[in-house]
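A.B. asks: Just a sequence and a predicted model for now, questions to come.
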Amino acid sequence: MEYQERPTAETSRWPLPDSGQRTVIPPAVLASVRDHPLCSGCMPHGVGFYPQASGHRMARQQPADDLLIYCVSGAGQVTYGGLSQPVEAGELLLLPAGLAHRYYANPQRPWSIYWVHLGGPEVQGYFDEIAGQHQPGIRKVRVGVHSRLAEDFQALMAAATSAQPEHLIYAANLLRSLLAYAALMRRQHQVRHATLDVARVNSYLQTAMDQRLSLDTLIAATSDLSRYHFIREYKRQTGQTPMQAFLRIKVSHACYLLDITDQSVAAIALQLGYDDPYYFSRLFKKVMRVSPQQYRQERGKN
């Protein structure tokens, strides 16, 4: 299926500062390479960068081409189909042709965005790969802020400024590379935020044996996961909850101290963050099935 000529990309009229860029490729120039096998499936129509775009806004009732927006700082808002969503740094907006939408910069924290209007029969396949699923409509995808992705946009902008056919072929394949890299970063982002480094968590627990550590403090120090996902992932990998593991670490150290020292139960409890030795003894018995005193007696320590 060859690339079909489309109308000129409909960009916003936001006043472009010196540090911004906006390039729209005329339809006649696109037509000069529309039959070329290296770019007929996915072609940029326009590309740009709007830094700290205060006052930037756009509304399209029936956009003629697809649009990809990458927010690298600040924030914005997108509205479509009666829904409104915030857009934050590190997020991509995938806006397919034909679907009405509005978007604008956050008045207090105006976004900085890279964008590319694009078209061709391969675009939706790339959009599905970036989103991780086939789903009609407008999609928002978190990939994180990556200097490499920004550099890809910069390279695409440089290539798209030339009307020479060889430069447009190069620009089309830079665009393919950019889309594939965005899909890779989405997957990497999900992997980093969907798994838990249990060794890191356990190492932190070992260093906090003298504390009455809260679960929220543990999560903040060792993971980006939510409370629910942190507990679920830790239990999936270890068979116990994080706080159960913390108690076992404390009790294991208490057993060591009971074995090699003559310290009182109260002194050992205090070292493990418990002011109340009776409360500590109950926790110890819950794990070991005997009290600290019985544990010591059974091992010949008076």
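C.D. replies: Received the coordinates, thanks.
A.B. asks: which residues in the stretch 101-250 of the chain form strands?
C.D. replies: Using DSSP state E, counting those that start in this stretch, the strands found in the stretch 101-250 of the chain span residues 101-105, 112-119, 139-142.
A.B. asks: how many other residues sit next to Val72?
C.D. replies: 19 (other CB atoms under 10 Å). (Glycine included, C-beta is placed from N, CA and C.)
A.B. asks: Just confirm it is within a strand.
C.D. replies: Yes: checked against DSSP: H, G, I helix; E, B strand; the rest coil, Val72 lies within a strand.
A.B. asks: Buried deepest among the strands of the stretch 101-250 of the chain, which one?
C.D. replies: Comparing the strands of the stretch 101-250 of the chain by mean neighbour count (mean count of other CB atoms under 10 Å), strand 112-119 ranks first with a mean of 24.
A.B. asks: That strand - contacts with which helices or strands?
C.D. replies: Applying 3 or more CB pairs under 8 Å, 6 or more residues apart in numbering; DSSP states H and E, we find strand 112-119 packed against strand 43-50, strand 66-73, helix 147-160, helix 165-194.
A.B. asks: switch the cut-off to 7 Å
C.D. replies: Applying 3 or more CB pairs under 7 Å, 6 or more residues apart in numbering; DSSP states H and E, we find strand 112-119 packed against strand 43-50, strand 66-73, helix 147-160.
A.B. asks: who wins for proximity to Pro277 among these?
C.D. replies: For those, proximity to Pro277 was assessed by CB to CB; strand 66-73 is nearest, at 53.6 Å.
A.B. asks: tell me which residues in that closest one are buried?
C.D. replies: 66-72 (16 or more other CB atoms under 10 Å).
A.B. asks: quick one on the thing from earlier: rebuild the helices and strands packed on strand 112-119 as CSV, extending it with mean pLDDT.
C.D. replies: CSV is the format used below for those (pLDDT from 0 to 100):
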stretch, mean pLDDT
strand 43-50, 96
strand 66-73, 96
helix 147-160, 92
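A.B. asks: Looking at those, which one is packed in the most?
C.D. replies: strand 43-50 comes out most buried of the helices and strands packed on strand 112-119 by mean count of other CB under 10 Å, with a mean of 25.
A.B. asks: List of residues touching that strand?
C.D. replies: By CB atoms under 7 Å, 6 or more residues apart in numbering, the residues outside strand 43-50 that reach it are 3, 6, 9, 11, 14, 20-25, 30, 56, 65, 112-120, 153, 156-157, 160, 171-172, 175.
A.B. asks: outside of the helix or strand just after that strand, which residues touch it?
C.D. replies: Later in the chain than strand 43-50, the nearest helix or strand by DSSP states H and E is strand 57-60. In this structure, residues lying in contact with strand 57-60 by CB under 7 Å, 6+ apart are 10, 12, 100-104.
A.B. asks: from those residues, which single one is nearest Glu129?
C.D. replies: Closest approach to Glu129 among the contacts of strand 57-60 (CB to CB): His101, at 21.2 Å.
A.B. asks: what's the spacing between the closest one and Pro110?
C.D. replies: Counting by CB to CB, to the nearest Å, the separation of His101 from Pro110 is 19 Å.
A.B. asks: What of Asp65?
C.D. replies: The gap separating Asp65 from Pro110 is 25 Å, by CB to CB.
A.B. asks: what about the stretch 51-200 of the chain, any weak spots by pLDDT?
C.D. replies: Judged by pLDDT under 70, the stretch 51-200 of the chain has its weakly predicted residues at 191-194.
A.B. asks: before we move on, what about the stretch 201-302 of the chain?
C.D. replies: 300-302.
A.B. asks: picking that back up, now, among the contacts of strand 57-60, which is nearest to Ala254?
C.D. replies: Nearest member of the contacts of strand 57-60 to Ala254, counting by CB to CB, is Tyr103, at 58.4 Å.
A.B. asks: related to what we said a few turns ago, could I get the buried residues of strand 66-73 in a markdown table, plus columns for distance to His229?
C.D. replies: Converted to a markdown table, those look like this (distance: CB to CB, whole Å):
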| residue | distance to His229 |
| --- | --- |
| Asp66 | 33 |
| Leu67 | 32 |
| Leu68 | 29 |
| Ile69 | 28 |
| Tyr70 | 26 |
| Cys71 | 25 |
| Val72 | 27 |
